[in-house]
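Q: Take a look and give me a structure for this.
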Amino acid sequence: MAYAARSGFAGLLSLPFRRDTWRHMLFALLLPLTFALVLSLQYVMKAAQEHGHPRLGPVVLAVALAGIALAGPAFERMRLRVFFGETVAPREGGRVRHGLAFFVVNMLLSTLSFAAAAGWVIVCARNLTYPIWGWAPYPTPAWGGPTPLGAVALHFAAGVVAFFVMPWVVIHTTNWQRAAVRRHLGRER
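A: As a prediction, this is how the structure comes out:
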C-alpha cells in the first residue's frame, strides 16, 4: 500500500507516471490461469459436441476445474512474488473452503481489474488522440455538443479524466486481489 502517503489530488495526478502503477497494471492485464483455462475450454467442449461426444464436455470441464483447484493457488502466490515481491506461504488447513471462496472472489476482482486496465488503455488511446482525428462531420445533434468542437472537447476531457482516475481503480482492485490471496491462500498467522 505504497499509495497511502501520496493521497489527494497531487497523488492522483502522479499515478500514471509511477513505476508501481505500471506493476499493478501488468498484474491486472496478466489474466489469471482460471480465465485462460475456462476460455480455452469452451472450444474443447464445442469440438467434443460437434464430433459426436456430448458427454466428453462435462468431463473436460471437471478435469479443468480440478486442475484450477490444484494449480490456481500456487499460480496466484507466484504472481504476487513476481510482481510485488510478496512471499505467501501455502495454507495448511481449510484449503477447500478457502480455495472455493478465493475462486469466486478472484474471478470477480480479476474481471474488474482487467476491465479497468484494458479500458484505461483503450479509452486513453482513443480519447486523448480524438482532437487529431475526431473532426469528421457530425450529424445534428452530435453527441458532446451541437458542434464538432463540443464533441472533440468532451471526448478529450473524458480521456484526461480516465488517464488519471483509472490507474487508481486498478491499484485498489489489485490490492484487494493481493489481500484475497493472503487471506484465502496464505498460511494463517
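Q: contacts and neighbour counts: CA atoms only from here.
A: Will do.
Q: gap between the residue most central in space within the chain and Ser40?
A: Centroid-nearest residue in the chain, with Cα atoms, centre = their mean: Phe114, separated by 1.8 Å. Distance, Phe114 to Ser40, by Cα to Cα, to the nearest Å: 18 Å.
Q: same check, this time on Met107
A: The spacing between Met107 and Ser40, counted by Cα to Cα, is 16 Å.
Q: who has more neighbours, these two?
A: A direct count of neighbours by other Cα atoms under 10 Å for Met107 and Ser40 places Met107 higher, at 14 against 11.
Q: Read off the pLDDT value for that one.
A: With respect to pLDDT, Met107 scores 81.
Q: What ranges in this protein fall below the confidence cut-off?
A: Applying pLDDT under 70 to the chain flags the ranges 1-7, 31-38, 136-146, 188-189.
Q: can you pull out the helices in the chain?
A: All helices of the chain, identified by DSSP state H, fall at 8-14, 19-29, 33-50, 56-84, 95-128, 130-133, 148-180.
Q: List the buried residues in the first one.
A: For helix 8-14, the buried set under the neighbour-count rule, 16 or more other Cα atoms under 10 Å, comprises Leu12.
Q: Centre of the chain to that helix, how far?
A: Distance of helix 8-14 from its chain centroid, counting by Cα atoms, centre = their mean, to the nearest Å, is 22 Å.
Q: For that helix, name the packing helices and strands.
A: Where contact means 3 or more Cα pairs under 8 Å, 6 or more residues apart in numbering; DSSP states H and E, helix 8-14 is packed against helix 148-180.
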